[in-house]
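**Q** Give me the fold of what follows.
(one chain, ligands or ions: 1)
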Amino acid sequence: MQVLLDGAFVAEDAARVSLFDRGFLYGDGAFETLAAYGGRIFRAAQHLQRLEASLRALRIEPPRTCDDIEADLNALLERNGMRDAILRISISRGPGPRGASIQRTGPPTYAIACYPPKLPAEPLRRHGAKLALVSVRKTPAQSLPVQAKSANYLNSILALAQAADQGADEALLLDMRGMIAECAYSNVFFVTRNGLVTPALETGIFPGITRAAILDLARAQAIVATEALIDPSLLQHADEVFITNTVSGVLPVRAVDALSFVAPGPVTSRLARGYWELVEREAGPRWRDAQGGGG
Ligand SMILES: Cc1ncc(COP(=O)(O)O)c(C=O)c1O
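**A** Coordinates of the predicted model:
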């Protein structure tokens, strides 16, 4: 597999970044994960606008325009002969002297890597994932710009490690007020008798592109969909829970700690179907796994 590093195609095992790169030293950078279906990237413009917003929030000069980055993504897919792929753009502040100051740093390091598609394991797609409510809290917006997909992913990494220790597939994090925020690498939705509800952006969650698509789909299907501050006690009244992200789409949740849910429930199934139809309309055929499944 080839990667694109600072404008050049390089074999993946030959790609090298400086020991003094701020991304390595401090997690000082941003990233974005996109999915290609049949050679077309789903909602590329939205991902690239979000990347631009991440860089702005982190005060990193964008190395390329959104249009140029989109051209690079397509060139890399073509170079690797891939039509279905996960694409990861990484941009760090670049090399710099020792210390936290952003003076005399750069130019930014700019890389794109391409991975084969990866569906959640079949049992998770069929029976749902298990979440653990972890003690790690979502980093507050006052500490790190939450809308930035920062390369410093330790908040999610530590939350997920704690969930894994408890035998769960994903972590559910609360914000500093004790309200439900999101998962380590996905947004979360609940179906109650009042409709669909997901934590509001003001909770300090990451503005997922899949989350936005699901809210639009729900409203188009006349499902009451609200964004709210959600107390964890809502879990006791939820009929269905699901999580969303670019790589997995919609993944049903069968349990949060000891609480069980129907997985997939009827609303989750309807929205998942709608999501994959949207992907197929805007991009290309959804990924199928080797067994011809696809969830
Ligand atoms: C913390 C967090 N929340 C939510 C998401 C889902 O975002 P998207 O749907 O844009 O992939 C991600 C994506 O990686 C994430 O890292």
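
**Q** Run the chain-centre distance for the one helix or strand in the chain whose mean pLDDT sits lowest.
**A** In the chain, the helix or strand scored least confidently by mean pLDDT, DSSP states H and E is helix 122-127, which has a mean of 94. For helix 122-127, the gap between its own C-alpha mean and the chain's C-alpha mean amounts to 19 Å (C-alpha atoms, centre = their mean, to the nearest Å).

**Q** how about the residues of the stretch 101-250 of the chain that lie near the ligand?
**A** Residues of the stretch 101-250 of the chain lying close to the ligand (C-beta under 6 Å from any ligand atom) are 156, 182, 185-187, 206, 208-211, 244-246. Where C-beta positions appear, they are placed from N, C-alpha and C, glycine not excepted.

**Q** Report the secondary structure state of Leu217.
**A** Counting by DSSP: H, G, I helix; E, B strand; the rest coil, the backbone at Leu217 sits in helix.

**Q** show me the contacts for it.
**A** Residues near Leu217 by C-beta atoms under 8 Å, 6 or more residues apart in numbering: 271, 274-275, 278.

**Q** List the buried residues in stretch 10-28.
**A** 15, 17, 21-25, 28 (16 or more other C-beta atoms under 10 Å).

**Q** if I pick Leu160, what's in contact with it?
**A** Counted by C-beta under 8 Å, 6+ apart, Leu160 has contacts 170-171, 184-185.

**Q** Please repeat the previous calculation with a cut-off of 6 Å.
**A** By C-beta atoms under 6 Å, 6 or more residues apart in numbering, the contact set of Leu160 is 171, 184.

**Q** a helix runs through it, doesn't it?
**A** Yes - assessed with three-state DSSP, Leu160 lies in a helix.

**Q** Next step: the residues of the stretch 101-250 of the chain next to the ligand restricted to helices.
**A** Among these, the residues falling in helices (DSSP state H) are 156, 209-211.

**Q** farthest pair in those?
**A** Greatest spatial distance among those (C-beta to C-beta): Ser156 and Ile209, at 16.8 Å.

**Q** Could you identify the longest helix within this protein?
**A** Longest helix in the chain, counting by DSSP H: helix 266-282.

**Q** Counting by contacts, list what that helix packs against.
**A** helix 209-220, strand 240-245, strand 249-256 (3 or more C-beta pairs under 6 Å, 6 or more residues apart in numbering; DSSP states H and E).

**Q** Please tell me how far the following helix or strand past the first one is from the chain's geometric centre.
**A** As assigned by DSSP states H and E, the chain's next helix or strand after helix 209-220 is strand 225-228. Average the C-alpha atoms of strand 225-228, do the same for its chain, and the two points are 20 Å apart (C-alpha atoms, centre = their mean).

**Q** Can you tell me what sits against strand 225-228?
**A** 196-198, 200, 215, 218-219.

**Q** Could I get the CA-only coordinates of it as PDB?
**A** This file holds the C-alpha atoms of strand 225-228, laid out as PDB (Å, rounded to 0.1, in the frame of the first residue of the first chain):
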ATOM      1  CA  ALA A 225     -35.600  13.500  17.100                       C
ATOM      2  CA  THR A 226     -34.200  15.800  19.800                       C
ATOM      3  CA  GLU A 227     -30.800  16.900  20.900                       C
ATOM      4  CA  ALA A 228     -30.700  17.300  24.600                       C
END
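
**Q** start the count at 37, not 1, going forward
**A** New numbering, starting at 37: the last item is strand 261-264.

**Q** For it, what does the pLDDT average out to?
**A** Mean per-residue pLDDT for strand 261-264: 98.

**Q** Name the strands paired with that strand and say parallel or antiparallel.
**A** strand 231-235 (parallel) (DSSP bridges).

**Q** for Val39, helix, strand, or coil?
**A** Val39 - assigned by three-state DSSP - is strand.

**Q** Surely it touches Ala149?
**A** Yes - counting by C-beta atoms under 6 Å, Val39 touches Ala149, with 4.7 Å between them.

**Q** quick one: low-confidence ranges for the protein?
**A** 326-331 (pLDDT under 70).

**Q** ok, 80 please
**A** 325-331 (pLDDT under 80).

**Q** Need the residue closest to the centroid of it.
**A** Asn281 (4.7 Å; C-alpha atoms, centre = their mean).

**Q** nearest spatial neighbour of that residue, skipping sequence neighbours?
**A** Sequence neighbours aside, Ser222 is the residue nearest to Asn281 in space, at 4.2 Å (criterion: C-beta to C-beta, 6 or more residues apart in numbering).
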